[in-house]
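Participant: Provided below for reference: sequence and predicted model.
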Amino acid sequence: AQKITQTQPGMFVQEKEAVTLDCTYDTSDPSYGLFWYKQPSSGEMIFLIYQGSYDQQNATEGRYSLNFQKARKSANLVISASQLGDSAMYFCAMREGRDAGGTSYGKLTFGQGTILTVHP
Amino acid sequence: EAQVTQNPRYLITVTGKKLTVTCSQNMNHEYMSWYRQDPGLGLRQIYYSMNVEVTDKGDVPEGYKVSRKEKRNFPLILESPSPNQTSLYFCASRIIYLNTEAFFGQGTRLTVV
């Protein structure tokens, strides 16, 4: 079964509007982390935002926020006030598990990605 | 500047000709890993290393080798590349705690003909 699912292969948004990119995950581990990365056409992977499974509040970083719904196992990325430079591929990823000392041995498991296009 | 450096950025090679993609990080991170990115599949882990001389297979290790002789370097070796290894490759590093992001290299676009 897919651990991370991004059901939107492509999304379009008008400049200055908000957009939500969907991500659902599957894990039985109570301790996990969720990440969003941006990949512009130049190819590099840019870290955007992180949400821990025990975090009580939704993560926010500037124009990025993470709509974390633990019971539904979803971690949607919300981009407010879209800009032309937001056009890129966006990946949701999850890392599971850690030991009592806080060390995480888990790999990042990625979704398939969503291509976001911002129209002027 | 904190960074992960991969070389080369682009490589076209022929089937069977051994190649190495280098990866170096300057952040003293314990954990390093290699991913390949293919359309519709996202990024999949090839190999990872939790410290010097400690390496293990990821999800798609077939056809690849790695080594970790120094903390900063984690080269990816293709002993006999095949066309199905044509892909975009990323090296990443991080400290070993759950709430830290992975830092990625710029990527290496490999084409095997």
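Facilitator: Cool, the structure landed.

Participant: and residue 64, what does it touch?
Facilitator: You didn't pick a chain, so chain A it is. A:Tyr64 makes contact with A:36, A:48-49, A:77-79, according to CB atoms under 8 Å, 6 or more residues apart in numbering or on different chains. C-beta here means a position set from N, CA and C on the backbone, and glycine is covered the same way.

Participant: wait, I meant chain B there
Facilitator: B:34, B:46-47, B:76-78.

Participant: Can you give the strand pairings for the lengthiest strand in chain B, parallel or anti for each?
Facilitator: Within chain B, and with DSSP state E defining each element, the longest strand by residue count is strand B:42-51. Paired neighbours of strand B:42-51 in the sheet (DSSP bridges): strand B:31-38 (antiparallel), strand B:54-57 (antiparallel).

Participant: Can you tell me which of these is packed in deepest?
Facilitator: Compared across the strands paired with strand B:42-51, strand B:31-38 shows the largest average neighbour count, a mean of 24 (mean count of other CB atoms under 10 Å in any protein chain shown).

Participant: Go ahead and name everything in contact with it.
Facilitator: A:107-108, A:110, B:23, B:25, B:43-51, B:58, B:60, B:64, B:66, B:68, B:74, B:76, B:85, B:87-96, B:102, B:107.

Participant: rerun at 7 Å
Facilitator: Contacts of strand B:31-38 with the rest of the structure, by CB atoms under 7 Å, 6 or more residues apart in numbering or on different chains, involve A:107, B:23, B:25, B:43-50, B:58, B:60, B:66, B:68, B:74, B:76, B:87-96.

Participant: other SSEs contacting the worst-scoring helix or strand of chain A on mean pLDDT?
Facilitator: For chain A, the helix or strand with the lowest mean confidence is strand A:108-110, at a mean of 91 (criterion: mean pLDDT, DSSP states H and E). Here strand A:108-110 touches strand A:88-96, going by 3 or more CB pairs under 7 Å, 6 or more residues apart in numbering or on different chains; DSSP states H and E.
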